[in-house]
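**Q** Predicted model follows, preceded by the sequence.
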Amino acid sequence: MTSNEKRLAGEAAVRYVEDGAIVGVGTGSTVAFFIAALAGIKHRIHGAVSSSEQSTALLRQHGIDVLDLNATGPLSLYVDGADECDPHKRLIKGGGAALTREKIIAEASTRFVCIIDSAKRVDLLGRFPLPIEVIPMARSLVGREIVKRGGHPVWRDGVVTDNGNWVIDVHGWQITDPVTLESELNQIPGVVTVGLFARRPADIVLVGDKEM
């Protein structure tokens, strides 16, 4: 059921793509279905801005031009998945370690369509460990700051982001105020990006082919 919902969500997201658009494209298994569907209308778009090397390779495999965000300017649409989504369309993202580029593209886009399966819906964020991208030399510093806030940091050993950084996954938090927590964590020196998409949540969430 989960795989079918992912496919339905990825295919349904194509209906938000406008003719002549440059589409922001996220990362992950659900997004792979979107990229496959986007390939069917690639003659209608100018190209895509990708959030990861993984998605870039997949887009090019389908013959879709991958463009630099610095050259495109603001985007009308960003499509990406999530690891968790609460009733206010606030998200935890970063299970695939692409959170920094994902957050940049989301910020640059007028509309953010999040595509998920029903297993990703939660009442309260935090069951899925919160990813935080950090400068390597700051890993221990950031970890100590997380412990002060009641979290249990676990270094995702062996994982290096496309930006050359490391990822800490924070377990044990029930995130009642994700906007405030996102802001606080961003102030810790060495933090590059927090996997909370709360200040800029999704605009539309598709669970399968239905809007949440």
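**A** Happy to help now that I have it.
**Q** Residues in contact with the lengthiest strand in the chain: which ones?
**A** Secondary structure assigned by DSSP state E gives strand 109-116 as the longest strand of the chain. Residues outside strand 109-116 that contact it (Cβ atoms under 8 Å, 6 or more residues apart in numbering) are 5-6, 9-10, 12-13, 16, 24, 30-31, 33-34, 74-82, 85, 89, 91, 106, 200-207. Placement of C-beta: from N, CA and C, glycine included.
**Q** Tell me the buried residues within those residues.
**A** Buried by 16 or more other Cβ atoms under 10 Å: 5-6, 9-10, 12-13, 16, 24, 30-31, 33-34, 75, 77-82, 85, 89, 91, 106, 200-207, out of the contacts of strand 109-116.
**Q** Who is the closest residue to residue 82 other than its chain neighbours paired with across the strands?
**A** In space, and not counting its chain neighbours, residue 82 is closest to residue 91: 4.2 Å by Cβ to Cβ, 6 or more residues apart in numbering. Taking DSSP bridges, one obtains residue 85, residue 197 as the residues bridged to residue 91.
**Q** what stretches of the chain score poorly on pLDDT?
**A** Along the chain, the parts satisfying pLDDT under 70 run over 1.
**Q** And the strands in it?
**A** Under DSSP E, the chain gives strands at 22-25, 47-50, 75-80, 84-85, 91-92, 109-116, 130-134, 152-155, 166-171, 191-194, 196-197, 204-207, 210-211.
**Q** State the phi and psi torsions of residue 172.
**A** Backbone dihedrals for residue 172, given as degrees, to the nearest 10, come out at phi 90, psi 10.
**Q** how many neighbours does the nearest residue to it once chain neighbours are set aside have?
**A** Excluding the flanking residues, the one nearest residue 172 by Cβ to Cβ, 6+ apart is residue 152, at 4.4 Å. Residue 152: 13 surrounding residues under other Cβ atoms under 10 Å.
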